[in-house]
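Novice: Sequence and predicted model, in that order:
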Amino acid sequence: MKTMKLVGALAIGSLLLLTAGCGKSKALLAAEDYQTATCACKDAACVTAAATKFAGSAQDMATARSGEADAIAKATTAAAQCSTKITMAAMPSMPGGPPKK
């Protein structure tokens, strides 16, 4: 009988852990994937594709946990910085301005 109670308690505890959701939410995973994909890009077309994929995961943002807001903001900010760097590098230099390096 004691064994059955222990097994039952362990089963309930396992279910609680699974429903509480150990690990990262879909929102955080999507933001991190966006950062990784964007920062791996070499051209503007790749950046656009990464942004389009991330926009398609907008419904996942509802899965964000309260403690993940900073991590999501950090990942999306890093992706934006990579995007800006790649986009600016693809722009031609201004006439009369210094040549691009």
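Specialist: All right, it came through fine. Computed from a prediction, not measured in an experiment: that's the story for all the values here.
Novice: how close does Tyr34 sit to Ala50?
Specialist: Tyr34 sits 6 Å away from Ala50, taking Cβ to Cβ, to the nearest Å as the criterion. Quick note: C-beta positions are derived from backbone N, CA and C, even for glycine.
Novice: do the same with Ser57
Specialist: Relative to Ala50, and taking Cβ to Cβ, Ser57 is found at 11 Å.
Novice: What residues of stretch 55-64 count as buried?
Specialist: By 16 or more other Cβ atoms under 10 Å, the buried positions in stretch 55-64 come out as 57, 60, 63-64.
Novice: For stretch 58-66, what does the pLDDT average out to?
Specialist: Stretch 58-66 shows a mean pLDDT of 90.
Novice: Could you number the chain from 43 rather than 1 from now on?
Specialist: That works, and once the first residue is 43, the last one we named lands at stretch 100-108.
Novice: Find residues that contact each of Tyr76 and Ala92.
Specialist: Ala121 (Cβ atoms under 8 Å, 6 or more residues apart in numbering).
Novice: re earlier: could you dump the buried residues of stretch 97-106 to a markdown table with distance to Ile128?
Specialist: What follows is the buried residues of stretch 97-106, written out as a markdown table (distance: Cβ to Cβ, whole Å):
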| residue | distance to Ile128 |
| --- | --- |
| Ser99 | 21 |
| Asp102 | 24 |
| Thr105 | 29 |
| Ala106 | 26 |
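Novice: quick one: which of these sit in helices?
Specialist: Taking DSSP state H, every one of the buried residues of stretch 97-106 sits outside helices.
Novice: Mind picking the one among the residues you listed that's closest to Met130?
Specialist: Nearest to Met130 among these, counting by Cβ to Cβ, is Ser99 at 25.8 Å.
Novice: Distance check, the closest residue to the closest one other than its chain neighbours against Ala131.
Specialist: Leaving out its chain neighbours, the residue that sits closest to Ser99 by Cβ to Cβ, 6 or more residues apart in numbering is Ala72, at 4.1 Å. Taking Cβ to Cβ as the measure, Ala72 falls 26 Å from Ala131.
Novice: Mind checking which of these two has more residues around it?
Specialist: Neighbours were counted for Ala72 and for Ala131 using other Cβ atoms under 10 Å; Ala72 has more, 24 against 12.
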